[in-house]
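1. Return atomic coordinates for the entry below.
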Amino acid sequence: MRRYSQRQNLGTLAELNVTPLLDLAFVLLIIFMITTPLMEKNEPLILPTSNAANGAIGPEDQMNISITRDGAIALNKEAVSLDQLESQLLALKESHPRIAVNIRADKEVTVQKFTEVSDIVRKAGITYVTMGTNSGSGQ
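-> Now for the predicted structure:
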């Protein structure tokens, strides 16, 4: 009598089992998520020099516009009205074409007042405009 084995012929698998690959991918993802914040340290850097920095705006071309809580406007700590601000900015733009303006407004100032000042800056043709903020706990 001849015995027949229950084993079938060995052949190649037509499907690839991806479960271990997914497990490995998730473990690597978790490892990278944990270690990435640890690698982000602020190292002291010596930055390379560039000729493009010669075109940077100097301190003499920077103006500060302050808007207090009650709506008073000051250009470089000198109180001005909206009309005076416009005429002074136009004169400054003519004498310093690369003038930059930093608008610093109290957090209680209305959006309307801030918009009026920014419109005057735009009408004067000043394109370098920043908004002063406080970097801290928000106080």
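2. any idea where the helices of the protein begin and end?
-> Remark: helices assigned in the chain by DSSP state H are 19-39, 82-95, 111-123.
3. want to throw the ones you listed into JSON lines with distance to I103?
-> Placement of C-beta: from N, CA and C, glycine included. What follows is these, written out as JSON lines (distance: least, Cβ to Cβ, whole Å):
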{"stretch": "helix 19-39", "distance to I103": "35"}
{"stretch": "helix 82-95", "distance to I103": "11"}
{"stretch": "helix 111-123", "distance to I103": "6"}
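4. right, and these - which one's nearest L75?
-> L75 lies closest, by Cβ to Cβ, to one member of those: helix 82-95, at 5.9 Å.
5. pLDDT at I30, what is it?
-> pLDDT recorded at I30 is 94.
6. Let me fix that, I meant to ask about M33.
-> 90.
7. From F26, how far off is it?
-> 10 Å (Cβ to Cβ, to the nearest Å).
8. now K77
-> Applying Cβ to Cβ, the value for K77 to F26 is 58 Å.
9. quick one: pLDDT of the residue nearest to A124 when sequence neighbours are not counted?
-> Spatially, and ignoring its direct neighbours in sequence, A124 is nearest to L89 (3.8 Å; Cβ to Cβ, 6 or more residues apart in numbering). Looking at L89, its pLDDT is 88.
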